[in-house]
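[1] Sequence first, predicted coordinates after that:
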Amino acid sequence: MAKTWVHNFGKNVSFKPAIFAEPKNDHEVIELLRQHRGQPVRVMGSRHAWSDAIKTGGVLISTKHLTQIELKPDRQSVCVGAGCKLKHLLKFLKKQGLTLPSVGLIDEQTIAGATATGTHGSGKHSLSHYIRRVRLAHYDKTTKEPVFSELDSGADLRAARCSLGLLGVIVEIEIEVRSAYRIEEHTKRHPSVASVLELEKQYPLQQFFLMPWSWEFYGQHRRETSANSSRLAFLYRTYWLFGIDWLLHLVIILLAGFFYIPRFIRIFYQQVLPKTIIENWLVTDDSHTILTMDHDRFRHIEIELFVNRSNLEAALNHARATIISFGDRSKARTTPASLTKDDCQTDYQQHYYHHYPICVRRIRTDDTLLSMTSPADLNSAEDWYSISFISYQSLHQRSGFFEFANALAISMQENFNARCHWGKFNPLPPSANQNLYPHLKEFREIAKRYDPESRFANDWLKESMLDIPPSAS
């Protein structure tokens, strides 16, 4: 059936597909591809992304009905329908005494959407890395007919693990599982990034935050433990749910919108917020509870940049300088010391005062061709760190954020080879995106075999990944 308009979670992406379909099973997917042969096709998950990846003027397929779950007899992996949400999969696995080996902050995503864009947590690989098999609907290179293929080894599997939907319609994924486990967590203030990283061996699952305008670091120090859940774990969960996920975000939304006054934001981060963070409260709870948040309850927009460990401290200093520069309301703004004149304009057109903690997470290198942490060589690769910049301003206030994100992405790419998350706001030009991925040529060759006419690519992906002019068929 036809659809009027489709909007993503952040409302920064809106488009009108010619056909919107919700197949009930694998065979209906094949029939859709047969009926609409020759038209562009994209797949929609939970729409919790800020990039242009799902945009199409052709056929848009929702996988919401493909939600089957089957645990393999050896209990080492699980087969999951592409449209199954992570929260439902985790609930199923919990009943079996199992869980996923990696969990992102948000569990509202579908399994196919999360893996196709390289969703990750902190201290482990992305979810994509753990995929063992992908069942794919695509067009046969010779007959041009829609067929199913099972990708379970070699370069084809590495391409399918994080494919951005460029190989075809993923209908099922087999992914590794592991025994359920608990995590010990406490929060501590730090004066520098070096101070946080010193604790990384002790707390390999930690993530940390750089607070704007106070420029202090807060580490959420986490490690796996065999201890039982804390007696006061429920109180800790309540503190996080109502104090952080709800109250903190409501305050930030007010500061970012109605009370958008730089002095108020500075006071909040320098004097108010530090008094509300409880340090050294040691709590043990199940991994899913500790590792996920509910900050997706409020509409926002996000850009997330990935740098190697050797570039992390310099990249954070660069980000701080850029934030300060954009927050300067004076007419003659000066270029941050870490930027050259060519990196950013010295006189930005828009003012933007950053108002949300900057989240930093470590991700191990992925055995993929296209995820943000895919390396040139698995044996000699550094760990990666993601740096997230989030804005809770309303739709009509975002022009400053977009210019800030554009300047930051380009300058970070030029100075530190930073990659943009495929599922977040990604303003890098096609040439920049292409130069960042050493296995892109191999990925293109594989994509050509499964999608010889590039029917599963939209204009943005054609330019960014396939080096095809967007007007080409």
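    Now that the structure is in, tell me what you want to look at.
[2] And the pLDDT at Thr340?
    Thr340 is assigned 42 on the pLDDT scale.
[3] That should have said Glu445, apologies.
    With respect to pLDDT, Glu445 scores 95.
[4] ditto for the one 4 residues further on
    At Arg449, the pLDDT value in this model is 95.
[5] quick one, what contacts it?
    Lys141 (CB atoms under 8 Å, 6 or more residues apart in numbering). In short, each C-beta sits where N, CA and C put it, glycine included.
[6] Give the burial count for the residue lying closest to Ile446 once chain neighbours are set aside, as a bare number.
    Distance criterion CB to CB, 6 or more residues apart in numbering; nearest residue to Ile446, sequence neighbours excluded, is Ala159 at 4.4 Å. Look at Ala159: counted by other CB atoms under 10 Å, it has 25 neighbours.
[7] Settle this for me: Ala159 is touching Phe443, isn't it.
    Yes - assessed by CB atoms under 8 Å, Ala159 is found in contact with Phe443 at 5.2 Å.
[8] Now do the shared contacts for the two.
    Counting by CB under 8 Å, 6+ apart, the contacts common to Ala159 and Phe443 are Leu369, Leu370.
[9] hmm, back to that, how about whichever strand or helix holds the residue nearest to Ile446, which residues are buried there?
    Using DSSP states H and E, Ala159 sits within helix 154-161. Under the neighbour-count criterion of 16 or more other CB atoms under 10 Å, helix 154-161 has Asp156, Leu157, Arg158, Ala159, Ala160, Arg161 buried.
[10] and that helix, what's its mean pLDDT?
    Averaging pLDDT along helix 154-161 gives 98.
[11] Which residues does it contact?
    Contacts of helix 154-161 (CB under 8 Å, 6+ apart): 115, 128-129, 131-134, 136, 151, 167, 170, 366-371, 439, 442-443, 446-447.
[12] Can you tell me which of these are buried?
    Of the contacts of helix 154-161, these count as buried by 16+ other CB under 10 Å: 115, 128-129, 131-134, 136, 151, 167, 170, 366-371, 439, 443, 446-447.
[13] Can you show me the helices along the stretch 301-450 of the chain?
    With helices called from DSSP state H, counting those that start in this stretch, the stretch 301-450 of the chain shows them at 312-327, 399-416, 430-435, 440-450.
[14] likewise the stretch 1-150 of the chain?
    26-35, 86-95, 111-116.
[15] Point out the most buried one among those.
    Mean neighbour count, computed with mean count of other CB atoms under 10 Å, is highest for helix 111-116 among those, reaching a mean of 29.
[16] Restrict that helix to CA atoms and write it as CSV.
    What follows is helix 111-116, C-alpha atoms only, in CSV (Å, rounded to 0.1, in the frame of the first residue of the first chain):
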residue,chain,number,x,y,z
ILE,A,111,18.1,-6.8,15.6
ALA,A,112,18.6,-6.2,11.8
GLY,A,113,18.6,-2.4,12.2
ALA,A,114,21.1,-2.5,15.1
THR,A,115,23.5,-4.8,13.4
ALA,A,116,23.3,-3.2,9.9
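[17] and it, what does it pack onto?
    Other helices and strands packing on helix 111-116, by 3 or more CB pairs under 8 Å, 6 or more residues apart in numbering; DSSP states H and E, are helix 86-95, strand 169-176.
[18] Kindly recompute the last result at 10 Å.
    strand 41-44, strand 77-81, helix 86-95, strand 131-139, helix 154-161, strand 169-176 (3 or more CB pairs under 10 Å, 6 or more residues apart in numbering; DSSP states H and E).
[19] Tell me which strands the last one pairs with, and in which orientation.
    Listed by DSSP bridges, the sheet partners of strand 169-176 and their directions read strand 77-81 (antiparallel), strand 131-139 (antiparallel).
[20] send the alpha carbons of the first one over as CSV?
    What it means is strand 77-81. As requested, the backbone C-alpha atoms of strand 77-81 are provided in CSV (Å, rounded to 0.1, in the frame of the first residue of the first chain):
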residue,chain,number,x,y,z
SER,A,77,23.6,-18.9,19.2
VAL,A,78,20.0,-17.8,18.5
CYS,A,79,18.1,-17.4,15.2
VAL,A,80,16.1,-14.1,15.2
GLY,A,81,13.7,-12.5,12.8
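[21] Nice, that's everything, thank you.
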